[in-house]
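# Predicted model follows, preceded by the sequence.
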Amino acid sequence: EIGMAHGYWIIGPFVSLGPLRNTPEAATVGLLCGCAIIGLATSGGLLFGATLKPTLFDKKGDAPAAGWQEMMNWHALGGLGGA
């Protein structure tokens, strides 16, 4: 759900304010830029989880940072789906 919301609203600034805003390719470029931003944010979150091992979303008996990794995976799926 978090990723879906981010994927939905993040392409708007690229489409309406980007350097290609007055061209027919603005929507395609906005979509690709939005997908790239979601990918970078997810990669950063996965790197954070791999190095610091946050236990915020872990269930009992899970490996450290398993909940964080699951949240980041769903963030990527929802973000790309929302875009």
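It's in.
# When you work out contacts or count neighbours from here on, use the C-alpha atoms and nothing else.
Noted.
# how about the residue located most distally from the centre of the chain, secondary structure?
In the chain, counting by Cα atoms, centre = their mean, residue 61 sits farthest out from the average C-alpha position, at 27.4 Å. Reducing the assignment at residue 61 to three states with DSSP: H, G, I helix; E, B strand; the rest coil gives coil.
# What part of the chain, helix or strand, is modelled with the least confidence?
Within the chain, no helix or strand scores below helix 2-9, which has a mean of 80 by mean pLDDT, DSSP states H and E.
# Report the contact partners of the spatially most central residue of the chain.
Centroid-nearest residue in the chain, with Cα atoms, centre = their mean: residue 38, separated by 3.0 Å. By Cα atoms under 8 Å, 6 or more residues apart in numbering, residue 38 lies in contact with 3, 6, 7, 76, 79, 80.
# can you check residue 21 too?
14, 15.
# ok, now how distant is it from residue 11?
Taking Cα to Cα, to the nearest Å as the measure, residue 21 and residue 11 are separated by 12 Å.
# repeat for residue 47
Between residue 47 and residue 11 the computed distance is 24 Å (Cα to Cα).
# same check, this time on residue 45
From residue 45 over to residue 11 (counting by Cα to Cα), the distance is 20 Å.
# ok, those two, which is more surrounded?
With neighbours defined as other Cα atoms under 10 Å, residue 45 and residue 11 compare such that residue 11 has more, 22 against 17.
# Can you tell me how far that one is from residue 37?
Separation of residue 11 from residue 37 (Cα to Cα) stands at 9 Å.
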